[in-house]
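**Q** just need the structure, nothing else, for what follows:
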Amino acid sequence: MKHLFRKNRLLRKQSVWIVAVFLFFSPGLLALDVKAGMKDLPPETIDAIIIGDRVVDIAYNLGVLPKAMSVRGSQWKMAQKLRIGSQILGCPMFTTVKKKQTIPDALKKFGVKRVIAEKTDHFCLYKPEVKPDSIAQILKGSDVTVEYVDFAGGVESAVRQVAKLVGREDRVDALLEKYKKSLAKAQAMIPKELGKKVLVFNGTYQHDTGKLSLRVEAPGFYTDHFFLTPMGCTNVGDAFKPADGKSSKGHYPVQKRKHGLVLDPLLTANPDVIVLVGNAYAGQKALATYVKTHPETAAIPAIKNQAIFSLPHYVDSSVLEFPRILLQWSKALSD
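**A** Now for the predicted structure:
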């Protein structure tokens, strides 16, 4: 297969666009631009367990990590880096719903008597029944102190609450100044009423076996809430909805056959933009293979206009990174 490498101004700004027809990039080139590794000085470890992605994210940015944490490790990419300094006990669905003894056991193991829990009405759009602050009921009657970070007042209020709880009030003003400046810049760049149809592929790739899989983000979840709806775009992922109409953690699986992934619904979706999240190499390889054997897909606007982008998948965990991610999505969709 012929290899084709082209660049545009987004590439020069480290936001990669991918030509689906006959194109392969190295997986390394498609690595998402997230925080690279730990800080120069390792965070201080405090005698507490934190339940909730956002609280851990803020604490880390204030220079603190708990002895252990309950976070969405499979969805929040940063969690895999933070686990170097803090043990992941499982996601809040596991620790507060499925196996409620997890946190009590961990408190005994680490010899701590303090839990800091995220309090919010919408911790996870994929699992709305999960509420990290329900740990209070599990620990009721014990000698463990349960403290809360309430996100009802927004990110700034939550940052100040975390700073007070972890003893980092001296750092809060500088952190918030940086965050608000970045957010204002990103919000000023949000395009309005773009009217584009967008399809979001979430890919995984096994380097050892070469196997790949794709999911399509269903309408109504994180991408819609934070990016597509504010920009006047429509998620056309329902073209991949299975016969039973059900999604799994906000995604529809892309079916497989003997000769590869079934991307026939692309013609029905007819997207103006295709976004690749997760392992973008899996998405671009699947598209390249499919387009080669289905030349009629060359008429799809996203493919015809080379509007295929690798972007970060945001699940409202790294709240302080949101402005940077919003800026990337804004630039890509308005291109």
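**Q** where along the chain do the helices fall?
**A** For the chain, the helices defined by DSSP state H occupy 9-12, 53-61, 79-82, 92-93, 102-110, 135-138, 155-166, 172-188, 222-223, 265-269, 280-293, 301-304, 322-334.
**Q** list the contacts for the nearest residue to Pro265 once chain neighbours are set aside?
**A** Counting by Cβ to Cβ, 6 or more residues apart in numbering, Pro265 lies nearest to Ala239, which is 4.0 Å off, once chain neighbours are set aside. Using the backbone N, CA and C atoms, a C-beta is placed for each residue, glycine as well. By Cβ atoms under 8 Å, 6 or more residues apart in numbering, the contact set of Ala239 is 199, 216, 265-266, 268-269.
**Q** tell me the spacing between Ala239 and Asp264.
**A** 9 Å (Cβ to Cβ, to the nearest Å).
**Q** tally of neighbours for Phe226?
**A** The tally of other residues near Phe226 (other Cβ atoms under 10 Å) stands at 17.
**Q** cool, Gly153 as well?
**A** By other Cβ under 10 Å, the residues close to Gly153 number 10.
**Q** thought Val155 was touching Ser318?
**A** No. Applying Cβ atoms under 8 Å as the test, Val155 and Ser318 come out as separate, 11.3 Å apart.
**Q** which one of these two has more residues nearby?
**A** When neighbours are counted by other Cβ under 10 Å, Val155 and Ser318 differ, and Ser318 comes out ahead with 24 against 17.
**Q** hmm, Arg72 and that one touching each other?
**A** No. Counting by Cβ under 8 Å, Ser318 does not reach Arg72; the two are 11.3 Å apart.
**Q** common neighbours of those two, please.
**A** Common neighbours of Ser318 and Arg72 (Cβ under 8 Å, 6+ apart) are Asp53.
**Q** if we can go back for a sec, wait, which of the helices of the chain is closest to Ser248?
**A** Across these, Ser248 has its closest neighbour in helix 92-93 (13.4 Å, Cβ to Cβ).
**Q** show me where the stretch 1-150 of the chain has strands.
**A** 44-51, 64-70, 87-90, 114-119, 145-150 (DSSP state E, counting those that start in this stretch).
**Q** among the ones you listed, which is the most enclosed?
**A** Most buried of the strands of the stretch 1-150 of the chain, by mean neighbour count (mean count of other Cβ atoms under 10 Å): strand 64-70, with a mean of 25.
**Q** name every strand pairing with that strand and say which way it goes.
**A** strand 44-51 (parallel), strand 87-90 (parallel) (DSSP bridges).
**Q** what's in contact with that strand?
**A** With Cβ under 8 Å, 6+ apart, strand 64-70 has contacts from 43-52, 56, 59, 79, 82, 85-92, 94-96, 102-103, 106, 110, 112, 116, 132, 166-168.
**Q** can I get that strand in PDB, CA atoms only?
**A** Taking Å, rounded to 0.1, in the frame of the first residue of the first chain, the C-alpha atoms of strand 64-70 are listed here in PDB:
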ATOM      1  CA  VAL A  64      -0.200  16.000  46.700                       C
ATOM      2  CA  LEU A  65      -1.300  12.400  46.200                       C
ATOM      3  CA  PRO A  66      -3.200  10.000  48.500                       C
ATOM      4  CA  LYS A  67      -1.900   6.700  49.800                       C
ATOM      5  CA  ALA A  68      -4.600   5.100  47.500                       C
ATOM      6  CA  MET A  69      -7.300   6.200  45.200                       C
ATOM      7  CA  SER A  70     -10.600   5.000  43.600                       C
END
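**Q** give me the angle between it and helix 102-110.
**A** Following axes from the mean of the first three to the mean of the last three Cα atoms, to 10 degrees, one obtains 130 degrees for the angle between strand 64-70 and helix 102-110.
**Q** what angle do strand 64-70 and strand 114-119 make?
**A** 70 degrees.
**Q** tell me the average confidence for strand 64-70?
**A** Mean pLDDT, computed over strand 64-70, is 97.
**Q** which stretches of the stretch 201-335 of the chain have low pLDDT?
**A** Scanning the stretch 201-335 of the chain for pLDDT under 70 picks out nothing.
**Q** and the gap between Ser142 and Ile135?
**A** 11 Å.
**Q** kindly apply the preceding question to Cys124 instead.
**A** 15 Å.
**Q** cool, Val262 as well?
**A** 42 Å.
**Q** between the two, who's got more neighbours?
**A** Applying other Cβ under 10 Å to Val262 and Ile135 shows that Ile135 carries more neighbours, namely 27 against 14.
**Q** dump the residue contacts of the more buried one.
**A** By Cβ under 8 Å, 6+ apart, the neighbours of Ile135 are 51, 95-96, 103, 115, 117, 146.
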